[in-house]
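Chemist: Sequence first, then the predicted structure, then my questions.
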Amino acid sequence: MAVAHNLALPLLVASDADTLVYIDPAPEAKALAATRLIMPQLGLNRVHSQKLLDTGSDYLKCLFDPRVQSRAMRRRFPSGLPSAFQSIKYVLDLTPPEVDEEAVIFLAELSCPLGVRVWARSRARWGLPSSRVEGVDETDPADPEMPLEYSQARHRTGIERVLHALEGQDPCLDTPCKMWTFFALARLFGVAAAPRAFDHILSWFFEPNNATFIQVNPELTYRIACGIRYPVLCRDAFAILVGEEALHLLLDDQSQGRPRAQATRYGRLRETLDDTELQRIEYASKSFLDHVLDRFVYLAGTTMPWLETLPEYRKILDFSPATQEQQVVVVALVDTAKSYIRALIYQMLRPQKVLPLVGLVTGTLKDGSFQDYPGATLLTAYNRMPSLARILTRTSWENLVSDTLASDQEHLYIRKTSLRIPEHAGLSATLTDQLCLETRPVLVSEVSDATEAFREISFVQSGTERQQRLRLFSWPQLITEVTAYVNEFAQGMLAFPEAESKSYGFRFAITATLTCLTENEFQFLPLWAGGNDDGTGGVFQGPPVPLMETGGFSAPGPSVHTGSVAATSDLNDDDDFSEIHPDDAVSTVLGASHRATEGHTDEVVSVNEEVVLVEALEGEALDWSQLDHVSNHLDLDGSDDDTIMGSPETVGLSDGELVDDSDDDWNDEHEHDEYEHDEEIP
């Protein structure tokens, strides 16, 4: 165990101070003093009363009450103040309580959560600043690398750190445990929101690379942000928690009373939050789930209204058919275009190759209760989810703005897609019907025939040859416009919740779920955080209700009712994702290649070696112009009737195999997507 003097700060001895603050040594120090092994250290700091009172703290204000001061003076100076202390007007006793309810409160608040105690272990992995993680903490004799959950010495020096901060001096928060203790004491003393206190907490977070703490420990970050009332930090952490809860809400039916999982789907260990904050997250998660699925339906549902904003697509809609035959041609082209584009979009839900994270830590504590996050689960979680759940992840939307669609052309092609909707998700009938829309195959011949037929009936022989060509419908131009729109749309889904986050260098680099919350979700936050919760509970009135462990919210709330629910099946059913093997296709006109491109590795490892396939997490934006290559090579005579249109699957396993997750207990709860292959066409 580290000795106490390594943890202490110099005493405050301002000559013009008018307040004397006592912090008696811990009982263990007194016991050692009795055996004459060491002398007990008495914390005796001289501070300015006005600096304490300027914080507006009711806790500190009570200590300056005349009756409290009278008792403190008699107890500490029964014979009157010594001549050395003649300038002292007030005496404060901040010695930690040892008994009664107050002692229990201090012990509970100052006990460092696991995420705080293990954070310094990641200093090499994340490049954490030494000034914030390499200080000295009292450690557990059984595990020299693990700081004590609670330390009486850290408690007492923590009080001194708060006093140093309020006096305008550096509290030296050089370990995560010191930061947490400083925060907890500042909150208990009612000074956490005072600039001289919270500035040091924010400085700890915003030190280069230390902001990663927000993603690894969002619950703790949220508690700190609420304690210091800092809106940006609060909304960032809230967005992560809501995104994770929305995924949990969709995947897990908690109405049967099963206990809540200790870890998230991506392997992040959850920390505790009180019922009030859990209720905010639960309400917001239901709203966010509806929002994300609604946006996906807008992009790839039946109507796809955004297509009407594209100039090339407007050429189809602006054409007025003169006969029934021409009307059939127009309808056929519209259906073909929507089906083709929808199939490309749906491939955002395909399984992924993954890049092993730098400095991946897989070790656990001795009792096996903890694995550092992000770990191996993060690398495999996406592929083990049902396809519907993948819509809530960043990975699926990154597929629409990455170049991975063009990297494995000789692999599988989606033939049919249908998502399964769980009843416990509580989705509306309209949304359910849209999500259950089946994506059909689109042949090269269908695109070429529909395009050529429309060009024939819409051709107007007037003006120059170039003018005639510009008036004609162009499939490659349509794909170009679709590319631009879809990329921008996907970028919006990947947006961060706060623009201010960038000002302190925070990026959601390892956050796996979406964080693009809207005001419909942020409204559940308190007023100081930019929400609408004024404490009356009115913001929680109205539908919808997330189904939690007991079939309702984790905290009492107003009566809320859902609308009609028309679910097709549970997620335990297989998603209907059937695909065609490349050998079944006559041609792979999308430009097949195994070459390694920027952001990709050229190494593919066998599944039998139980090694996760590698692909860069970040690459150049998807060049959808490669899809124009399809249009430029269309056989307008329909000779390529058997070729399936659509971007390729990126799993890239030999013989069409997928990673076998059958040994994982996740399969006990949810069946995974099945990828079936038709028999080879002779």
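Modeler: Cool, the structure landed.

Chemist: quick one: contacts for residue 490?
Modeler: Residues near residue 490 by Cβ atoms under 8 Å, 6 or more residues apart in numbering: 348, 397-398, 400-401. In this view, the C-beta of every residue, glycine as well, is placed from N, C-alpha and C.

Chemist: same deal with residue 492?
Modeler: Taking Cβ under 8 Å, 6+ apart, we find residue 492 in contact with residue 516.

Chemist: which regions of the chain lie under the pLDDT threshold?
Modeler: Where the chain drops to pLDDT under 70, the residues are 1-7, 28-43, 253-258, 354-372, 402-439, 460-470, 498-506, 542-682.

Chemist: try 50
Modeler: Along the chain, segments meeting pLDDT under 50 span 1-6, 32-40, 363-369, 403-414, 461-462, 544-682.

Chemist: quick one: which of the contacts of residue 490 is nearest residue 238?
Modeler: Nearest to residue 238 out of the contacts of residue 490 is residue 397 (Cβ to Cβ; 20.1 Å).

Chemist: Distance to residue 380, secondary structure and neighbour count added to the contacts of residue 490, as TSV?
Modeler: Compiled in TSV, the contacts of residue 490 are given as follows (distance: Cβ to Cβ, whole Å; DSSP: H, G, I helix; E, B strand; the rest coil; neighbours: other Cβ atoms under 10 Å):
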residue	distance to residue 380	secondary structure	neighbour count
348	18	helix	25
397	19	helix	24
398	17	helix	20
400	22	helix	24
401	23	helix	20
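
Chemist: export these to JSON lines and tack on distance to residue 64?
Modeler: JSON lines is the format used below for those (distance: Cβ to Cβ, whole Å):
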{"residue": "348", "distance to residue 64": "62"}
{"residue": "397", "distance to residue 64": "56"}
{"residue": "398", "distance to residue 64": "56"}
{"residue": "400", "distance to residue 64": "61"}
{"residue": "401", "distance to residue 64": "59"}
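
Chemist: now, among these, which is nearest to residue 512?
Modeler: For the contacts of residue 490, the nearest to residue 512 is residue 398 (10.6 Å; Cβ to Cβ).

Chemist: Spatially, what comes nearest to the closest one if we skip its sequence neighbours?
Modeler: residue 494 (6.7 Å; Cβ to Cβ, 6 or more residues apart in numbering).

Chemist: ok, the one you found - contacts?
Modeler: Going by Cβ under 8 Å, 6+ apart, residue 494 touches 394, 397-398, 401, 514, 516.

Chemist: Same question for residue 450.
Modeler: Counting by Cβ under 8 Å, 6+ apart, residue 450 touches 329, 332-333, 336-337.

Chemist: could you redo those residues as TSV and give each row secondary structure, distance to residue 281 and neighbour count?
Modeler: TSV is the format used below for those (DSSP: H, G, I helix; E, B strand; the rest coil; distance: Cβ to Cβ, whole Å; neighbours: other Cβ atoms under 10 Å):
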residue	secondary structure	distance to residue 281	neighbour count
329	helix	52	22
332	helix	47	15
333	helix	46	25
336	helix	43	21
337	helix	40	25
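
Chemist: picking up where we left off before, make JSON lines from the contacts of residue 494 and add distance to residue 16 to it.
Modeler: Converted to JSON lines, these look like this (distance: Cβ to Cβ, whole Å):
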{"residue": "394", "distance to residue 16": "55"}
{"residue": "397", "distance to residue 16": "60"}
{"residue": "398", "distance to residue 16": "59"}
{"residue": "401", "distance to residue 16": "61"}
{"residue": "514", "distance to residue 16": "55"}
{"residue": "516", "distance to residue 16": "53"}
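
Chemist: ok so, going back, state the distance from the residue nearest to residue 398 to residue 278.
Modeler: 26 Å (Cβ to Cβ, to the nearest Å).

Chemist: how deep is residue 152 tucked in, by neighbour count?
Modeler: Neighbour count for residue 152, taken as other Cβ atoms under 10 Å: 19.

Chemist: Ok, the one 5 residues further on next?
Modeler: In terms of burial, residue 157 registers 24 neighbours under the definition other Cβ under 10 Å.

Chemist: Fine by me, we can end here.
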